[in-house]
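>>> fold the stuff below for me.
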Amino acid sequence: MIPYGRQDISDQDVAAVASALRDPFLTQGPKVAAFEDRLREVTGARFAVACNSGTSALHAAYAAAGIERGKSVLTSPITFAATANASLYLQGGVHFADVDPRHVMLSPAAVDASRQPDIAVLAPVHFTGQVAPMEELARTARARHWTIVEDAAHALGARYRTADGTEHTVGACAHSDMCCFSFHPVKQITTGEGGAVTTNDERLAARLRRFRTHGITRDPAELHANEGPWYYEQLELGFNYRITDVQCALGISQLGRLAAFVERRRAIAALYDAELGDVPGIEVLKSPAASRGSYHLYVVRVAAGARRRIYEGLQHAGISPNVHYVPVYRHPYYRAHGFQGFSLPEAERYYAEAITIPMFPGLTDEQVRSIAAEVRRQVRVP
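The predicted structure is shown next:
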């Protein structure tokens with residue numbers, strides 16, 4: 001089976017991990033800071049705080065933003081459940097706004113129409129590795145004093161252009177307060193499991209660091225007392241969300257190939273576009289004009305009534321597709337906690353039609369053409 005996504009591990013990656021295993025520190029050592037430094041260089045942010053998963057990154061970011069009982073996150077329903085769940089971990093709430101049918105990311109008009117008084121955080125999701133309309137979304141969020149936390153789990157290496165012609169890197173937080181990444185094996189780079197939050201706000205960075213380490217600090221400037229060089233204090237309730245030096249060694253090595261990975265993903269997407277873009281019965285997702293995406297996923301839309309048949313036909317042909325995503329509010333947990341009967345029309349239409357086909361740098365052009373040919377064949381089956 002050709003999977004929908006897969007990591008790319010080189011001999012250099014293996015050597016980096018093997019070397020880290022021989023170092024004095026397997027965790028809480030210098031490679032964590034080195035990985036964070038490389039993330040700052042890649043994104044252009046002032047601060048980067050690495051942690052053990054993308055979910056941990058979201059949880060830490062929402063905590064730093066002040067989410068608690070009585071405060072909610074507004075986000076897209078077309079995302080992995082973690083984007084919403086992380087607010088619930090903090091006793092906060094969740095609201096969903098509908099998506100733009102062209103690129104399936106938050107619709108600025110739908111966000112502007114969201115008037116729930118408890119919204120404190122807007123969490124745009126950079127779906128498939130394209131960039132949500134950050135300039136427009138930020139305009140609404142800033143006017144309403146919402147904190148902006150980008151869910152960029154799909155979008156390391158992506159860029160976008162604003163109306164004045166300026167190009168921005170996802171993670172630089174040009175239009176947000178914090179930006180969260182995931183380094184799961186199917187993402188642009190991997191640390192096995194891992195995540196990070198970038199920010200330009202020193203206060204937020206300090207809160208993120210404390211949150212990932214049980215809420216504990218050794219910083220003399222933050223201590224209420226100082227009983228000696230061993231002394232530390234727990235200032236808030238945090239978690240053990242630390243990433244290891246072994247994982248960061250892999251991440252540093254992988255970041256050295258990020259540009260090549262993204263370039264290859266864009267080339268694969270262009271080939272899919274050429275093979276599938278004008279085929280009756282197939283709609284490829286449109287890239288926002290301002291977005292230069294990094295293509296974590298490649299999604300096609302087909303007739304809703306034929307989606308399951310096409311999906312299973314691809315499986316039978318040796319291709320492992322996926323569907324990203326079931327709208328979060330459809331999950332039984334969410335139905336049982338306030339979303340019974342709730343739906344959003346564009347999210348529903350998208351979900352009924354979506355199939356994710358393979359996208360990872362190791363695909364050859366021949367494989368891409370073969371996958372596209374099989375998609376075309378399955379769509380034509382009566």
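>>> how close does the residue nearest to the spatial centre of the chain sit to residue 372?
In the chain, the C-alpha nearest the mean C-alpha coordinate belongs to residue 153, at 1.4 Å (CA atoms, centre = their mean). Separation of residue 153 from residue 372 (CB to CB, to the nearest Å): 26 Å. C-beta here means a position set from N, CA and C on the backbone, and glycine is covered the same way.
>>> outline the domain layout of the protein.
Residue ranges for the domains of the chain, per automatic domain parsing: 11-255, 258-380.
>>> quick one, helices of the stretch 151-300 of the chain?
For the stretch 151-300 of the chain, helices defined by DSSP state H, counting those that start in this stretch occupy the ranges 202-211, 245-255, 258-276.
>>> pipe the ones you listed into TSV and attach mean neighbour count, distance to residue 137 and mean pLDDT per row.
Shown next, in TSV, are these (neighbours: other CB atoms under 10 Å; distance: least, CB to CB, whole Å; pLDDT from 0 to 100):
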stretch	mean neighbour count	distance to residue 137	mean pLDDT
helix 202-211	20	19	97
helix 245-255	24	28	98
helix 258-276	17	23	98
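>>> redo these as TSV? Include distance to residue 123.
Putting the helices of the stretch 151-300 of the chain into TSV (distance: least, CB to CB, whole Å) gives the following:
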stretch	distance to residue 123
helix 202-211	15
helix 245-255	24
helix 258-276	23
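>>> before we move on, the earlier item: redo the domains of the chain as CSV? Include distance to residue 5.
Conversion of these to CSV gives the following (distance: least, CB to CB, whole Å):
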stretch, distance to residue 5
domain 11-255, 3
domain 258-380, 5
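>>> quick one: closest of those to residue 3.
domain 258-380 (4.9 Å; CB to CB).
>>> endpoints of the closest one, how far apart?
Start to finish, the residues bounding domain 258-380 are 37 Å apart (CA to CA, to the nearest Å).
>>> and it, how far out from the chain middle?
16 Å (CA atoms, centre = their mean, to the nearest Å).
>>> how about stretch 196-212?
Using CA atoms, centre = their mean, the distance between the centre of stretch 196-212 and that of its chain works out at 17 Å.
>>> output the below-cut-off pLDDT ranges for the stretch 51-200 of the chain.
Residues of the stretch 51-200 of the chain meeting the criterion pLDDT under 70: none.
>>> kindly report the same for the stretch 251-382 of the chain.
Answering for the stretch 251-382 of the chain: no residues sit below the bar, that is pLDDT under 70.
>>> could I get the full set of strands for it?
Counting by DSSP state E, counting those that start in this stretch, the stretch 251-382 of the chain has strands at residues 283-284, 291-292, 298-301, 354-357.
>>> can you redo those as a markdown table with mean neighbour count?
Formatted as a markdown table, these follow (neighbours: other CB atoms under 10 Å):
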| stretch | mean neighbour count |
| --- | --- |
| strand 283-284 | 18 |
| strand 291-292 | 22 |
| strand 298-301 | 22 |
| strand 354-357 | 22 |
